[in-house]
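In: Quick one: sequence and predicted model below, then my questions.
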Amino acid sequence: MLFNESVQIALKALFSNKLRSILTMLGIIIGVGAVIAMVSVGMGVRQKVTNSIASLGSNMLIVMPGSANTGGVRSAAGSMVTLKYEDALAIKNKIKNIDYVSPTVSSSYQIVNGNQNWNSTVQGVTPEYMAIRSLKVSTGSFITQNDLTSRNRVAVIGTTVSSNLFGTENPVGQTIRVNSQPYKIIGVLESKGQSSVGQDQDDVVIIPLTTAQERMLGITYVKTINIQVSSQDKMDIVQEDVETLLRQRHHIINGKDDDFNVKNLTSLMQTMTETTTMLTLFLGSIAAISLIVGGIGIMNIMMVSVTERTREIGIRKALGATFKNIMMQFLIESVVIGVIGGLLGIVFGCSASLAIAQFGGFNTVITSAPILISFGFSVGIGLFFGIYPARKAALLDPIEALRYE
Amino acid sequence: MTKTIQLSGVKKFYHVGEQDLAALDGINLEITKGEFSALMGPSGSGKSTLMNILGCLDRPTIGSYRLDGEEVANLSDDELAVTRNRKIGFVFQNFNLLSRISAAENVALPLVYAGIGKKEREERAMYFLEAVGLADRAQHQPNELSGGQRQRVAIARALVNNPHIIMADEPTGNLDTKSTHEIMAIFEKLHDEGRTIILVTHEPEIASCASRQLLVRDGKITRDEGKGVRMDVV
Ligand SMILES: Nc1ncnc2c1ncn2[C@@H]1O[C@H](COP(=O)(O)OP(=O)(O)O)[C@@H](O)[C@H]1O
Ligand SMILES: [Mg+2]
């Protein structure tokens, strides 16, 4: 018997009992849909986390002050004041395979222009900050080496600060007051929009590091040193070199705790990717359970269908249907349920995912892998859970089947 | 003359409760190609059981059944299915048509399992529907047909793969007199064409259409008249 015939017989049988067929498929539709929607939520979380790490730049090492350990009491990380601008310069000059080194300080201040005021973050940076963060200046210019050495009171502002203090006016050349001190605006940054964690990246005021340290905050240390390594495979070597150099410079003898902390963003990224992948798989497999439940639904209905059609099976056998013919007929029927249910499930899952993004406020990412896998799974489930009923049908004794009332 | 069917010492037992019930109790029977035989006998005597064995739907518990010289006991279930498909056409008392498909599709069903393409199936189904006078009912579903018409569809189905044996178990049992005459006319015509026909019936009038009458009682053949005589020869 031809394959086409079996498919036609199966489709006819399914169509002749539409409501039941749809109810049977519902299990598969919900299962496939749930897998696609759940995985898209998981992938969304993953994308958000990795994007926020990636937005800090690629191949990044971040040096932060360690926690002080005085009298056995550990204070919070970053509370130490040991990291210096000179450390950053030494790293830049003595260690190979580094593209940029950017030490920063930051603090929140009220920014004032005439009668307008705005609370924003003030960052003290070196010229390299621009490259390391991939910033662009839309009008004016960025902080220069000259501004740094002369401790100039100049500022580059983000578009949020600009629009709040100056409206549509061009702020370049104007003066703002930060902590009651005047700063001349030399440039406006190109908008970067919201970061993936929802932070406004345009709400920022950038001034020279030295100006921030001495004229604004009155400190001699830096809060972080960002290091961009030239290539990913050099990350570990550079990290070791930085640690050795800083221990040397901070006179930390062997066996003592470091007073600084070097974070490798690439390995952090890896960890986060692994964690969020686990989360995604977890969500996906919980959803996959409903697929299996759907499969049991198929089996249940196929068993009923075989019993109901015992006489039909008897007639077909009397007319010459072999074991394989009957097996195929019922197997194809359950596979067709899997295929149609799977296709509808894909539509349902994608719509659900879009709805979650639209109304649930989640970031969702639809990828082809869960679609293909859950579809394959639903076809496989149709096949697997169809085998037993189909075999039962194919093994029926023709006489008993013909006699069945 | 070629022996199409040879049974010797065929017994069929059914387990009923604790005991074995012999539905067939030592049947010896030879049927020649082209013979028209009628099986008669009281209800429960074993006629249907015998028909099922002759039709390769069932196997004897003991004894030998040779169909066209081949021992049926040696055939696998699938080989039996192929044998039924090629050599035997069935007509049942209760028609046994599939209710969800048209008359033409019902007639074509054996051809599906014979692996014949759609176009040829349709042509052959139409040809045999015409032969039983139902060409205009080809697209009707069985429940849109009268009993006599359904049985004619079933006969067309039995003929469609050109088997040389036709087996009919009380084919007119559910029909009125007029339909009965129509159906019997078809069987007589098939006999004239040279097919081997085995027919189970209660009614002597119908049995008299056949060239040979066999009487079954308690699982045994107790009378056998007209053996080997073809009706057209008489
Ligand atoms: N599947 C079965 N199980 C048990 N007994 C059966 C079965 N089929 C037939 N019989 C018994 O075998 C005997 C012959 O039945 P059957 O061949 O149908 O008779 P007939 O067709 O002549 O009326 C009856 O006594 C019947 O009860
Ligand atoms: Mg009977």
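Out: Cool, the structure landed. Ligands and ions are numbered 1, 2, ... in the order given.

In: ok, residue 105 - contacts?
Out: Since no chain was named, I'll use chain A. Neighbour list for residue A:105: A:123-124, A:209, A:212-213, A:217, A:219, A:221-223 [criterion: Cβ atoms under 8 Å, 6 or more residues apart in numbering or on different chains]. Where C-beta positions appear, they are placed from N, C-alpha and C, glycine not excepted.

In: Can you look at chain B instead?
Out: B:98, B:125.

In: Could you work out the most separated pair of the contacts of residue A:105?
Out: The largest separation in the contacts of residue A:105, counting by Cβ to Cβ, is between A:123 and A:221 at 15.2 Å.

In: Residue A:331: how many residues sit nearby?
Out: Residue A:331 is flanked by 23 other residues according to other Cβ atoms under 10 Å in any protein chain shown.

In: Now do the SS call for it.
Out: Secondary structure, DSSP: H, G, I helix; E, B strand; the rest coil: residue A:331 is helix.

In: who has more neighbours, residue A:123 and residue A:221?
Out: Neighbours per residue (other Cβ under 10 Å) separate residue A:123 from residue A:221, with residue A:123 holding more: 20 against 16.

In: Could you pick out the residues of chain B near chain A for me?
Out: Residues of chain B lying near chain A by Cβ under 8 Å from any Cβ of the partner chain: B:52, B:55, B:57-58, B:77-78, B:81-82, B:84-86, B:90, B:92, B:96-98, B:100-101, B:109-110, B:112-115, B:157, B:161.

In: these two touch, right, residue A:156 and residue A:187?
Out: Yes: Residue A:156 is within contact range of residue A:187, at 4.3 Å (criterion: Cβ atoms under 8 Å).

In: shared neighbours of these two, anything?
Out: Both residue A:156 and residue A:187 are contacted by A:137, A:140-142, under the criterion Cβ under 8 Å, 6+ apart.

In: now for the helix or strand hosting residue B:122, which elements pack on it?
Out: Per DSSP states H and E: residue B:122 is located in helix B:118-131. Here helix B:118-131 touches helix B:103-113, helix B:147-159, going by 3 or more Cβ pairs under 8 Å, 6 or more residues apart in numbering or on different chains; DSSP states H and E.

In: Adding mean pLDDT as columns, could you present these in TSV?
Out: Listed next are those as TSV, based on pLDDT from 0 to 100:
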stretch	mean pLDDT
helix B:103-113	95
helix B:147-159	95
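
In: re the thing from before, by neighbour count, which of the shared contacts of residue A:156 and residue A:187 wins?
Out: Neighbour max across these (other Cβ under 10 Å) = residue A:142, 19 neighbours.

In: which residues touch stretch A:294-313?
Out: Outside stretch A:294-313, the residues that reach it (Cβ under 8 Å, 6+ apart) are A:13, A:20, A:24, A:26-31, A:321, A:326, A:330, A:333-334, A:337-338, A:341, A:378, A:381-382, A:384-386, A:388-390, A:392-393, A:396, A:401-402, A:404, B:96, B:98.

In: for it, which positions count as buried?
Out: Within stretch A:294-313, the residues scored as buried using 16 or more other Cβ atoms under 10 Å in any protein chain shown are A:294-295, A:297-299, A:301-302, A:305-306, A:309-313.

In: Make CSV from these and add secondary structure and pLDDT to it.
Out: Below are these laid out as CSV (DSSP: H, G, I helix; E, B strand; the rest coil; pLDDT from 0 to 100):
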residue, secondary structure, pLDDT
A:294, helix, 90
A:295, helix, 91
A:297, helix, 91
A:298, helix, 92
A:299, helix, 92
A:301, helix, 92
A:302, helix, 92
A:305, helix, 92
A:306, helix, 93
A:309, coil, 92
A:310, helix, 95
A:311, helix, 95
A:312, helix, 94
A:313, helix, 95
